[in-house]
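Chemist: only the shape, not the letters, is given here:
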């Protein structure tokens, strides 16, 4: 994984956020679901866990700068059961945090996270694994920025016309 890869994925996520902020019809009210504070917390913790997992594998010196991270880095890079747990738990946290979102988005998100796990642990070519990481990152960003409403967002009370 290169710095360009990370910057490109970050750029796509940022573009989705900007679209959310500048396009009046986003998110589409029909598909929008409000995140609860717990949902948002689970999603954030899950995403941070996924970032930790990827950074431990591809940017070890960056993570190693965090005091006490040596054991975590070793567990993740061992590619054994501990590494699988370090990936699976955050992935599940993201799915649980976003569970109220549109079911089609959840299927695509779950499929992309599953593809990341499969390509990571079955010896698939690195380029394929990076493609799945990119897809999962875009799916997370799209679900959060284009389908969900933050906990502090309140729907206005509909105006009922009187005769």
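Modeler: Cool, the structure landed. In this text, all values refer to a predicted model and were calculated from it rather than measured experimentally. Numbering: from 1, shown residues only.

Chemist: alpha carbons only for contacts and neighbour counts from here, please
Modeler: Fine.

Chemist: what are the ranges of the strands in the chain?
Modeler: 33-34, 148-149 (DSSP state E).

Chemist: deepest-packed of those, please.
Modeler: With neighbours taken as mean count of other CA atoms under 10 Å, these reach their highest mean count in strand 148-149, at a mean of 22.

Chemist: mind giving me the packing neighbours of that strand?
Modeler: Secondary-structure packing of strand 148-149 (3 or more CA pairs under 8 Å, 6 or more residues apart in numbering; DSSP states H and E): strand 33-34.

Chemist: ok now the strand it packs on, how far from the chain's centre?
Modeler: Distance of strand 33-34 from its chain centroid, counting by CA atoms, centre = their mean, to the nearest Å, is 17 Å.

Chemist: avg pLDDT for it?
Modeler: The average pLDDT within strand 33-34 is 90.

Chemist: for stretch 59-67, same thing?
Modeler: 94.

Chemist: and that stretch, what's buried?
Modeler: Residues of stretch 59-67 classed as buried: 60, 63-64 (neighbour count, 16 or more other CA atoms under 10 Å).

Chemist: helices along the chain, start to end?
Modeler: 3-22, 37-58, 60-64, 70-77, 81-97, 103-121, 126-147 (DSSP state H).

Chemist: my read is that residue 150 contacts residue 35, right?
Modeler: Yes - using CA atoms under 8 Å as the test, residue 150 is close enough to residue 35 to be in contact (5.4 Å).

Chemist: flag the shaky bits of the protein, pLDDT-wise.
Modeler: Along the chain, the model assigns pLDDT under 70 to residues 154-163.

Chemist: grab the most central residue of this protein for me.
Modeler: In the chain, the centroid-proximal residue (CA atoms, centre = their mean) is residue 140; its distance is 3.8 Å.
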